[in-house]
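Asks: The following comprises the amino acid sequence and a computationally predicted model.
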Amino acid sequence: MAGQQDLDTTRLPWGPFFCGALLGFVSLSAPGLAVEVTVPAEPLSAPEGGTAELTCSYSTSVGDSFALEWSFLQPGKPASASHPILYFTNGHLYPTGSKAERASLLQNPPTTGVATLKLTDVRSSDTGTYLCQVNNPPDFYTNGLGLINFTVLVPPSNPLCSQSGPTAVGGSTELRCSSSRGAPKPVYKWVHLGSSPTPPGNMVQDEVSGQLILTNLSLTSSGTYRCVATNQMGSASCELTLSVTDSSKGRVAGTLIGVLLGVLLLSVAAFCLIRFQRDRKKKPQETYGGSDLREDAMAPGISEQASMKMDSSKGLLERSPSASTVTSTKSKLPTVV
C-alpha cells in the first residue's frame, strides 16, 4: 500500500518541472558557462600620431582553454577580410600583422577580465573597425565578440582652389575647393575678399563638396576668393583671383584697334607709292627702238681687223668737214679733160 502511494507520487505533474528547475539551477551555479564581452557603444577616436586605448572587458571564468584575439577590419570590407593584430593563448601573447610593433595589451596577461588594446603612433590607415573576441570553451552560450569603430583624427591638408567656366559680365562661373586629407571630412566655406564683396544672392555654395557657383557676374565680382577647409582638428585655406570681363567693351576696343590698323596700313601704302613715283622721275631713261642699230654694233661676218679699220676711218670722218661741204668743194674745182 505504501509502495503504491510512492509510485503515484512520482507521477505527479510537478515532478518533471521540479527536475528541470533543479538542472537549470545547477547549470547557472556552475563556473565557466557564460562569456560576455563589453565594448563602448560610441565610436572612439584619437589624433594622428597619438595613442589610442580601445576598451574591451569580459566576464567568464578563465580556464586552460582561454584565448583572446584582436583583429582589424578596414572600412567598407566584409567581416571575412579582417586581419589579426594579436593573440593571447596558452599564457603567451603573440602580436602579428602590420600593427605588431605598435599594438599591445593594457594588462598582460589579460586574465582578470580586461582585454583593452593599446595602439601607439596611430595613423590614418588605422581608421576602421576593431574586433575583440574571447573564447573560453565550453563557454559558447553568449556573445563573446565586441566591435569598436575607431577614427584617427587628421587636420585638413592645404586645399586646392580651381575655377572653370566663362567669366564674362552677366554669365556664371564655378569655383572648386578640395583637401586631399582630413578626418573627419572637412567642410568648406568660400568668402570674397575686398571692399566690394559679391552679393550673397549671387553666391551658391556647397560646404560638403567645396563648390561655389557665381551667377549674374558683374565687374564687382572680380577679386580674390578664399576657401577655408575646417574640421575639429584645424583648418587650412587657399585663394583664387577672378577677373570678370565686359564683352561689350571688348568688342568696341577691338573695332577701334581694327580701324587704327587700317588707317596705318593705308598711310604706309600711300607713302610707299609717293616715294616710288618720286624716285622714278629722278632716274634717266635710255630706250632703244627695236629697229635702231647701235653705232658700236658689228655686222655679221666682219672680222676684228676690219672693225678696227672702220673705227679709224670713223675718226677721220669726225675730223674732216661734213659730207655736204666736201661735195660743194668738188663742184667748184675745174674739170680737166
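Replies: Received the coordinates, thanks. Residues are numbered from 1 along each chain as shown.
Asks: Isn't Val228 up against Val191?
Replies: Yes: applying C-beta atoms under 8 Å as the test, Val228 and Val191 come out as touching, 7.4 Å apart. For the C-beta atoms, the positions are set from N, CA and C on the backbone; glycine is no exception.
Asks: Poorly predicted segments of the stretch 151-300 of the chain, please.
Replies: Within the stretch 151-300 of the chain, the segments meeting pLDDT under 70 span 196-200, 248-255, 282-300.
Asks: all strands of it, in order?
Replies: For the stretch 151-300 of the chain, the strands defined by DSSP state E, counting those that start in this stretch cover 160-164, 173-178, 187-192, 203-206, 211-214, 223-231, 234-242.
Asks: buried sites along the fifth one?
Replies: Residues Gln211, Leu212, Leu214 are the ones in strand 211-214 that count as buried (16 or more other C-beta atoms under 10 Å).
Asks: likewise the fourth one?
Replies: Of the residues in strand 203-206, those buried by neighbour count under the rule 16+ other C-beta under 10 Å are Met203, Gln205.
Asks: Show me what it is in contact with.
Replies: Residues outside strand 203-206 that contact it (C-beta atoms under 8 Å, 6 or more residues apart in numbering): Tyr188, Lys189, Trp190, His192, Gln211, Leu212, Ile213, Leu214, Thr215.
Asks: Try it again at 6 Å.
Replies: Strand 203-206 has contacts (C-beta atoms under 6 Å, 6 or more residues apart in numbering) with Trp190, Leu212, Ile213.
Asks: Make JSON lines out of those residues and add distance to Val62.
Replies: Below are the contacts of strand 203-206 laid out as JSON lines (distance: C-beta to C-beta, whole Å):
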{"residue": "Trp190", "distance to Val62": "59"}
{"residue": "Leu212", "distance to Val62": "60"}
{"residue": "Ile213", "distance to Val62": "63"}
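Asks: Of those, just say which sits nearest to Leu265.
Replies: Closest approach to Leu265 among the contacts of strand 203-206 (C-beta to C-beta): Ile213, at 45.4 Å.
Asks: quick one: the nearest residue to the closest one once chain neighbours are set aside from Ser45, how far?
Replies: Closest residue to Ile213 apart from its sequence neighbours, by C-beta to C-beta, 6 or more residues apart in numbering: Val204 at 4.5 Å. Using C-beta to C-beta, to the nearest Å, we find Val204 at a distance of 33 Å from Ser45.
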